[in-house]
Each structure stands twice: as structure tokens, then as C-alpha cells.
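Chemist: Provided below are the primary sequence and the corresponding predicted coordinates.
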Amino acid sequence: MISVEDALARCLALAQVLPPETVPLAQGAGRWMAVPATARRDQPPFPASAMDGYAVAGDPAVGDSFLVVGEAGAGHAFAGTIGPGEAARIFTGAPVPEGATRVVIQEDVRREGDRITLTGADGGANIRPRGQDFRAGDSLAPRLLRPNDLALLAAMNVAQVTVTRRPVVALVATGDELVMPGEEPGPDQIIASNGFALKAMIEAEGGLARMLPIARDTEAELETVLGLAEGADLIVTIGGASVGDHDLVGRAAGFAADFWKVAMRPGKPLMAGRLNGVPMLGLPGNPVSAIVCGHLFLLPMVRAMLGRPDAAPVPREARLTVDLPANGPRAHYMRARLAAGPAISPFDRQDSALLSILGQADALLIRPVDAPPCRAGDTVPYLPL
Ligand SMILES: Nc1nc2c(c(=O)[nH]1)N[C@H]1C(S)=C(S)[C@@H](COP(=O)(O)OP(=O)(O)OC[C@H]3O[C@@H](n4cnc5c(N)ncnc54)[C@H](O)[C@@H]3O)O[C@H]1N2
Ligand code: MOO
């Protein structure tokens, strides 16, 4: 058995960064930027009014009056200059005319014909300086593109964004006992569940998951289904990783193992290697084992293929709420719940078949190999789920 750290390093070494591609901005959501983007203009490109009102010069006081000599709207500048005693009607987003130094909001003005008199003063200049948001040449560093980033890129006049090609991950569930949700299981069958969590996890990270048909427990069928994974950047099998007579994944034709078995709980039978040259991760079948290994190894591989520098999970720290006994020779990733503090409470039941517990968990409390007993109040590492 190898350590979790060694297993992760080996998984990351199997994952190569994929090539970039250019997509229209409207298709950029959830994609990983491959190179920085550069603003092509200042924003705002001119001093802009922040309010509806009147643009005036100087530092006027209540009671002062001005002649309205023109109008500036968003998209329609006033070409003239504002001199002493003059004002321009102005609207939010409009370029502030030459000579004007502040915008008096219309609530602070009485208008009679083409004259205005100040009745109040909100005190602000109400002018957004040119380039206050960003300047031409400013750059946006690579990131997973969220909706806010797309608006920023659009404002920068970046119409297309260069992103890493999405890693295509083929998911192959194995086992005679499995049927898909909605099908009628036989008396000795269960519903295949793990692939649904893994697909959602992969896609939330910017990958594309292809769920292949369930492979029954014969070498021939496993080979057929693995053949359908052609074109995938990463093949992920679920189940059939352990030592039973029907655990066939490690013996699949074309599979060259890099490692098998990791000193961890859950997830001991994890394996990785290449299937006919394509990186392959063999997840254990127990639902919690498959999903925990998905967080610890599969998502880091997806991130590495995207070219993300932050591929490996980074543990955080929380205060333990209960005493825990010494840990054994396998690192334990205990399903746990976080509270304010943060405080962390492991669930009493840690069987790796319990999806109902995983559903209530929002963290994995990490108990390192051979960790001594812990007391309530001790600081412990965890990974958020
Ligand atoms: N003698 C030993 N037996 C086992 C060992 C061991 O070291 N020695 N390891 C145990 C551990 S730890 C795990 S984890 C499991 C993993 O075994 P496999 O990867 O071979 O998984 P299966 O046997 O195929 O399935 C285990 C369990 O999970 C259910 N399963 C499988 N796939 C799915 C799926 N897609 N969705 C939902 N549930 C699934 C399957 O029905 C089994 O109940 O081995 C232990 N045994
Ligand atoms: O360690 Mo196995 O991965 O369920 O319980």
C-alpha cells in the first residue's frame, strides 16, 4: 500500500494539461482560462455621471442658480463646455461635459424653464473617473470562469476567451448487481448511484463526463465497455477494484497499473495507471469510497488536465468537538459536519456504504496514519465537501 500523498502525486503525474481552444464569451461559463485576458479599453472610457441631474462647474452652494445650456445622455455626449453659471442636464452613464466638475442630483434642484436653482447638496461629485474600474492593458489572470468574470471580460471588450479544452472523462460502473435509476432491479440488485455524484463533481470542475453503459462482471463485457471510452482523456471505473473473484478491473486487457491500494479509509482498493495509454483511475465500488476518492484523486486529475495550479486539495483546520481514539495504519477521511468556529463533528457511523450520512456531511475530517488520540478542542485538518 502506498500513502495518500504518493498516490496523489502519481495520479497528477498521469494527468497532462490539455490544449487550449477559443470560445465565444457566451460559452465561457464554467471554463478554465488558459491564458490571461487583456482589457482592450478603459472603463469607463470617459468621466461618467453616476446620477441623473445637472453637471455644473466649481463648488456651488444652496441658492446658486445656473442656465441650462445643453443635455448629455448615456450614448449622447454634450459637445460644448460648461462655463461659470452654466449647467447641462445629464443622465447616469453620460459623459460629463468639459468644464463640469460635479453632478448635482435632480432631487437637489428646482427647475424653472431653462434655469435651475440648488435647493440642497448631497455633497458628492457624482462623477466616475475615466478608468476607475479598469484600464486598457489591465489583465485578468486565468481562473474558472464564473458569471461575474464573464461580465468583466465583456466590459473589457474581450469577445472570445481562450480556455483549456474540457477534459472528457468516461465513467464506467461495473457489476452484475447494478441497474440504472428508474429501471426495475431484480431481487439481488441495487441501483447504480456513484456515477451520478462523480459526473456532477467532474462537470462542476469544468470537465465533461460521459456515463458509459454498466459493465457486467465478465472480462469480455468489461473490455467491450472500456472500448467505448475511446476518445476520453481519462477513464474512471467504479467498483471491481478489490480482491474478489469478480473484481476484474485490475486485470483488464491493456491496463498498465501504476499503483494499486492506498493506505486510506475509505478507498483502500484504489488503483491508477494507463489503459492503452489513456490515464485510468479505478475507484472502489463502495459509494462513499468512490466519492471520497473522487474528491481526493479524480478532481485533482481534472484540475491538472485543465492546467490549474491549485490541483491538489488543500486541508483547512477546525476545532474537534469530540474525543477520538488513535488512528491505525490507514489515513481516515471521516465524514463530518462543520459548525461555526469552525468546529467539526465526525458522524458516529463511518461505514463506506452510507450515502445518507455522506449526504449530511460537509467535510472530511482527516486522521493521519498512526495519529495519536485527539481530545475535544484539538485543532484537526479537514477538507470541505
Ligand atoms: N477480502 C477483502 N474484501 C474487501 C476488501 C479487502 O481489502 N479485502 N476491501 C473492501 C473495501 S475497503 C472496499 S471499498 C470494497 C471495494 O471493492 P470493489 O472496488 O471491488 O467494489 P465492488 O465489490 O464492485 O463493490 C463494492 C460495493 O459497492 C457497490 N457498488 C459498486 N458499484 C456501485 C455503483 N456504481 N453504485 C452504487 N453502488 C455500487 C457494490 O454493490 C458493493 O456493495 O471491497 C471491500 N472488500
Ligand atoms: O476502504 Mo473501502 O474503501 O470502503 O471501505
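Modeler: The structure has been received and is ready for your questions. Ligands and ions are numbered 1, 2, ... in the order given.
Chemist: make it CA atoms for all contacts and neighbour counts henceforth
Modeler: Fine.
Chemist: Tell me the pLDDT of residue 310.
Modeler: Per-residue confidence (pLDDT) for residue 310: 93.
Chemist: what kind of secondary structure is it in?
Modeler: Secondary structure for residue 310, judged by DSSP: H, G, I helix; E, B strand; the rest coil, is coil.
Chemist: which residues touch the closest residue in space to it that isn't next to it in sequence?
Modeler: Nearest residue to residue 310 in three dimensions, chain neighbours excluded: residue 303, at 7.5 Å (CA to CA, 6 or more residues apart in numbering). Listed by CA atoms under 8 Å, 6 or more residues apart in numbering, the contact partners of residue 303 are 205, 310-311.
Chemist: what pLDDT, on average, does the strand or helix carrying residue 301 get?
Modeler: If you go by DSSP states H and E, residue 301 is part of helix 299-306. For helix 299-306, the mean per-residue pLDDT is 98.
Chemist: Any idea how far that helix is from the middle of the chain?
Modeler: The chain centroid and the centroid of helix 299-306 are separated by 12 Å under CA atoms, centre = their mean, to the nearest Å.
Chemist: what's the following helix or strand after that helix?
Modeler: strand 316-320.
Chemist: buried ones in that following strand?
Modeler: Going by neighbour count (16 or more other CA atoms under 10 Å), the buried part of strand 316-320 is 317-320.
Chemist: Please list the outside residues in contact with it.
Modeler: So strand 316-320 is contacted by 341-345, 375-384 (CA under 8 Å, 6+ apart).
Chemist: Could you look up the next helix or strand downstream of it?
Modeler: In N-to-C order, the element after strand 316-320 by DSSP H and E is strand 331-339.
Chemist: measure residue 286 to ligand 2 for me?
Modeler: 5 Å (CA to the nearest ligand atom, to the nearest Å).
Chemist: same check, this time on residue 179
Modeler: Note on residue 179: its distance to ligand 2, by CA to the nearest ligand atom, is 20 Å.
Chemist: close enough to count as contact, that residue and residue 193?
Modeler: No - if you go by CA atoms under 8 Å, residue 179 and residue 193 don't touch, sitting 9.2 Å apart.
Chemist: neighbour count winner among these two?
Modeler: Ranked by neighbour count (other CA atoms under 10 Å), residue 179 and residue 193 place residue 179 first, with 19 against 16.
Chemist: Identify the residue nearest that one in space, chain neighbours excluded?
Modeler: Of all residues not flanking residue 179 in the chain, residue 191 sits nearest, at 5.0 Å (CA to CA, 6+ apart).
Chemist: Please name the residues that touch that neighbour.
Modeler: Residues near residue 191 by CA under 8 Å, 6+ apart: 178-181, 185.
Chemist: Likewise for residue 199?
Modeler: 171, 208-211.
Chemist: I am assuming residue 192 contacts residue 184, so please confirm or correct that.
Modeler: No - between residue 192 and residue 184 there is no contact under CA under 8 Å: 12.0 Å.
Chemist: of the two, who's got more company?
Modeler: residue 192 (19 against 11).
Chemist: Just the pLDDT for the more buried one.
Modeler: The model's pLDDT for residue 192 equals 96.
Chemist: Tell me who's in contact with it.
Modeler: 173, 178-181.
Chemist: ok, now how distant is residue 137 from ligand 2?
Modeler: Going from residue 137 to ligand 2 by CA to the nearest ligand atom gives 50 Å.
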